[in-house]
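Asker: I'd like to go over a predicted model; first the sequence, then the structure.
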Amino acid sequence: MYFHEAIRLGAMIRPQCRGSLTGPVTKRIFGIFKGKPENGSCAFGAAIEAAGCETRIEPSGDSVPIRGVRPPKGTPVPTIVVPDEWSPLLGKLVHCPVCGVFQSLARTIPHLNDDHLWTREAISDWVMPIELSLAAQMDLAVRQEQKVL
């Protein structure tokens, strides 16, 4: 499953939240809070849920978290195991389409969700051409490598 598809699929499961992968969301009707809070997900959380990604507690290493600062090396942190095919995309450096900040796509997605208040569907639409272009480049590289062999 492509990452942009997982975002869109996960967005159908629960309402959108901001500031964390999952968290409480209280519905508003005409600006008034109504009902009990539901559990929501951000764009990244929606993709993780839709793809059924596993979470493990592991000692922190050299990786950079998608939000916040890196904890001291060796500190136990929750680690989400994403599909291997997502890794090149999530590590790709991109410019935020709103403010131009240059960072990994993995950090840009929460930035769009939380700071620019984009919907998960809009984030999926923005990720799609980046992901499909990268997939085509990787497929071409594999085919060229097979010709050499």
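Answerer: Received it, and whenever you're ready, just let me know what you need. Residues are numbered from 1 along each chain as shown.
Asker: What strand or helix carries the closest residue to P78 other than its chain neighbours?
Answerer: Nearest in space to P78, with sequence neighbours left out and distances taken as Cβ to Cβ, 6 or more residues apart in numbering, is T55 at 5.4 Å. The C-beta positions use only the backbone N, C-alpha and C, and glycine is treated the same way. Assigned by DSSP states H and E, T55 belongs to strand 54-59.
Asker: and that strand, what does it pack onto?
Answerer: Of the remaining helices and strands, those touching strand 54-59 by 3 or more Cβ pairs under 8 Å, 6 or more residues apart in numbering; DSSP states H and E are strand 76-81.
Asker: in the strand it packs on, what counts as buried?
Answerer: Neighbour counts using 16 or more other Cβ atoms under 10 Å place T79 of strand 76-81 among the buried residues.
Asker: After that strand, which helix or strand is next? Please name it.
Answerer: Once the chain leaves strand 76-81, the next helix or strand it forms, by DSSP H and E, is helix 87-91.
Asker: picking that back up, tell me which strands the strand holding T55 pairs with, and in which orientation.
Answerer: Strands adjacent to strand 54-59 in the sheet, as given by DSSP bridges, are strand 76-81 (antiparallel).
Asker: who's in contact with the residue positioned nearest the centre of the chain?
Answerer: Nearest to the mean C-alpha position of the chain, by Cα atoms, centre = their mean, lies F44 at 3.0 Å. When the contact criterion is Cβ atoms under 8 Å, 6 or more residues apart in numbering, the partners of F44 are I7, L21, I66, A106, I109, P110, N113.
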